[in-house]
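Participant: Just need the structure, nothing else, for what follows:
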Amino acid sequence: MTEYNQNYNAGDTSGMFERFNSNGTKKKENKKGSRFVVALALVIVAVLIVLGNSMVITKQNQFKLIRQFGRVQRVVTNAGLSFKIPLIESVDTIPKELLLYDLPSSDVITSDKKTMIVDSYVLWHVTDPLKFAQTLSCSVNNAESRIDAIVYNATKNTISNMKQDEVIRSRDGKMTITVDQNPEEVTNNDMVISEEHEEVIEITSLTEEIMAQINHVEEQYGIEISAVEVKKLDLPDDNKQAVYTRMISERENIAAQYTAEGKSEAKMIENTTDKEVSIMLSDAQAKAEAAVAEGEAEYMRILANAYSDPAKMDFYSFVRALDALQESMKGDNKTILLSDDSPIAQIFNGQY
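Facilitator: As a prediction, the model looks like this:
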């Protein structure tokens with residue numbers, strides 16, 4: 001049976017108990033094996049730490065820059081696993097995906113000295129990670145600061161060369177125009193009523209104008225601005241009422257112009273109609289007079305033929321005398337004084 005005795009030696013503080021055999025002799029332990037296990041564990045831990053520090057995991061939306069004492073040695077552009085030298089080489093991560101930067105609202109002045117508020121955003125991404133690291137220190141905040149200045153200057157230069165109505169009209173890149181379908185010239189006082197319809201045509205949008213002002217960004221910073229979109233295009237609060245009043249006045253002027261044009265066209269239509277009616281009446285009057293003249297000519301011809309025939313001359317004289325008597329006996333007075341040689345008296349005297 002193993003027994004444990006206390007060791008009261010003041011100079012030995014390594015342990016308070018020692019193990020002895022049944023015969024009283026000290027039992028020896030295998031310290032060499034335990035030391036080997038500890039050393040092996042330490043080596044394994046060190047290997048794992050070194051291996052972990054040497055691995056570089058690159059994702060699909062990342063660039064990895066391997067630096068050696070601050071200097072870029074290589075750029076990892078493909079996703080996967082790569083390695084570096086621990087404690088000597090370091091890694092910087094640069095985003096590879098499309099990024100969105102929301103610019104703060106800014107005031108710009110148009111060419112006709114009108115202030116407008118522009119609120120926009122930018123889509124951008126890194127195209128050259130090495131140049132991005134050299135110029136912007138791999139910082140997205142530094143890149144957004146440069147983009148803010150570049151886009152603001154481009155927006156200011158674009159809008160400053162445009163009038164306020166041009167800026168509003170080019171907001172979505174479309175413009176509505178009125179097209180005349182009958183562009184023929186009016187000649188000989190003929191009235192031509194033109195048919196008009198509205199047509200939407202494509203024009204250069206405000207964002208396209210701004211994008212045309214942005215250049216050298218990729219060459220200078222290793223980034224590309226994919227798109228600049230205007231979220232909001234508004235007027236300052238202190239100018240809105242004045243602009244609304246001016247817009248109302250302009251609409252009233254346009255309405256008055258349309259009314260005047262309508263009245264002018266109505267007058268032209270009325271004049272043209274009166275002219276056509278006068279021409280038609282004149283033609284009808286001429287035809288009527290021609291018909292009367294033809295009738296009178298026929299009457300005179302018949303009358304001449306009648307008087308030229310002695311057998312018919314007396315009868316026509318008799319009929320004409322009766323017609324004359326009928327015309328003279330109109331009214332209340334039926335008394336007629338005739339001389340003996342009057343054709344009518346001769347009728348009553350039986351001389352016909």
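Participant: Check which helices and strands the longest helix seen in the chain is in contact with.
Facilitator: The longest helix of the chain (DSSP state H) is helix 237-308. Here helix 237-308 touches helix 310-328, going by 3 or more Cβ pairs under 8 Å, 6 or more residues apart in numbering; DSSP states H and E. Where C-beta positions appear, they are placed from N, C-alpha and C, glycine not excepted.
Participant: relative orientation of the helix it packs on and helix 237-308 in degrees?
Facilitator: With axes from the mean of the first three to the mean of the last three Cα atoms, to 10 degrees as the basis, helix 310-328 and helix 237-308 are set at 130 degrees to each other.
Participant: Can you give me the neighbour number for N271?
Facilitator: N271 is flanked by 12 other residues according to other Cβ atoms under 10 Å.
Participant: Same check on R301?
Facilitator: 10.
Participant: how about it, what does it touch?
Facilitator: By Cβ atoms under 8 Å, 6 or more residues apart in numbering, the contact set of R301 is empty.
Participant: That one and F315, how far apart?
Facilitator: Per Cβ to Cβ, to the nearest Å, R301 is found 18 Å from F315.
Participant: Repeat that for L233.
Facilitator: From L233 across to F315, the span is 103 Å (Cβ to Cβ).
Participant: Neighbour count: these two, which is higher?
Facilitator: Higher neighbour count among L233 and F315: L233, with 17 against 12, using other Cβ under 10 Å.
Participant: where exactly do the strands run in this structure?
Facilitator: Here the chain has its strands, by DSSP state E, at 3-6, 17-20, 55-58, 62-68, 71-76, 80-83, 89-95, 99-102, 106-109, 115-126, 174-180, 196-202, 223-234.
Participant: what about these, which gets the closest to G262?
Facilitator: Closest of these to G262 is strand 196-202, at 12.5 Å (criterion: Cβ to Cβ).
Participant: Low-confidence ranges, the stretch 51-200 of the chain, go.
Facilitator: Across the stretch 51-200 of the chain, the ranges flagged by pLDDT under 70 are 52, 172-200.
Participant: again, only this time at 50
Facilitator: When residues are selected by pLDDT under 50, those of the stretch 51-200 of the chain lie in 188-189, 191.
Participant: Would you pull up how far stretch 246-262 lies from the middle of the chain?
Facilitator: What separates the centre of stretch 246-262 from the centre of its chain is 24 Å, taken as Cα atoms, centre = their mean, to the nearest Å.
Participant: okay, that stretch in PDB with CA atoms only?
Facilitator: What follows is stretch 246-262, C-alpha atoms only, in PDB (Å, rounded to 0.1, in the frame of the first residue of the first chain):
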ATOM      1  CA  ARG A 246     -44.800  83.300 -62.700                       C
ATOM      2  CA  MET A 247     -45.900  79.900 -63.900                       C
ATOM      3  CA  ILE A 248     -49.500  80.900 -63.500                       C
ATOM      4  CA  SER A 249     -48.900  84.100 -65.400                       C
ATOM      5  CA  GLU A 250     -47.200  82.200 -68.200                       C
ATOM      6  CA  ARG A 251     -50.000  79.700 -68.400                       C
ATOM      7  CA  GLU A 252     -52.500  82.600 -68.600                       C
ATOM      8  CA  ASN A 253     -50.500  84.100 -71.400                       C
ATOM      9  CA  ILE A 254     -50.400  80.800 -73.200                       C
ATOM     10  CA  ALA A 255     -54.200  80.500 -72.800                       C
ATOM     11  CA  ALA A 256     -54.700  84.000 -74.000                       C
ATOM     12  CA  GLN A 257     -52.500  83.300 -77.000                       C
ATOM     13  CA  TYR A 258     -54.500  80.100 -77.800                       C
ATOM     14  CA  THR A 259     -57.800  82.100 -77.500                       C
ATOM     15  CA  ALA A 260     -56.500  84.800 -79.800                       C
ATOM     16  CA  GLU A 261     -55.300  82.200 -82.300                       C
ATOM     17  CA  GLY A 262     -58.700  80.500 -82.100                       C
END
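Participant: Please work out how many residues are found near E276.
Facilitator: When neighbours are counted by other Cβ under 10 Å, E276 registers 11.
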